[in-house]
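**Q** Task: produce atomic coordinates for the following.
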Amino acid sequence: MEAAAPKEASLAVLESVRCLECGEIYSKPNAGGTVQKNPGCPTCGYVGWIPVSLPAAPRARRRSA
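**A** This is a model prediction of the structure:
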């Protein structure tokens, strides 16, 4: 009986992203994934983000009519 080949450690490619809610910069898996594998912002929990390489858009002021 042959010995089983050792399992290779799977490496995840990470990218830095900016939370659209609070502006926190954090790393996330580049390939996406489910909520368990790719949770939202570690600071506020929001799941919306943009790559850090893109400039942060200024927030529009909300006005009442």
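**Q** so where do the strands sit in this protein?
**A** Counting by DSSP state E, the chain has strands at residues 14-19, 25-29, 49-51.
**Q** Same list, these, but as TSV with distance to residue 40 and mean pLDDT please.
**A** Just so you know, the C-beta spots here come from the backbone N, C-alpha and C atoms, and that holds for glycine as well. Shown next, in TSV, are the strands of the chain (distance: least, Cβ to Cβ, whole Å; pLDDT from 0 to 100):
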stretch	distance to residue 40	mean pLDDT
strand 14-19	8	87
strand 25-29	9	86
strand 49-51	8	89
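**Q** Output these as CSV; include the columns mean neighbour count and distance to residue 63.
**A** Shown next, in CSV, are the strands of the chain (neighbours: other Cβ atoms under 10 Å; distance: least, Cβ to Cβ, whole Å):
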stretch, mean neighbour count, distance to residue 63
strand 14-19, 16, 24
strand 25-29, 15, 29
strand 49-51, 15, 25
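**Q** now for these, which one comes closest to residue 64?
**A** strand 14-19 (26.5 Å; Cβ to Cβ).
**Q** now what about stretch 41-51, what contacts it?
**A** Contact with stretch 41-51 is made by 15-22, 24, 26, 28, 35, 39-40, 56, as judged by Cβ atoms under 8 Å, 6 or more residues apart in numbering.
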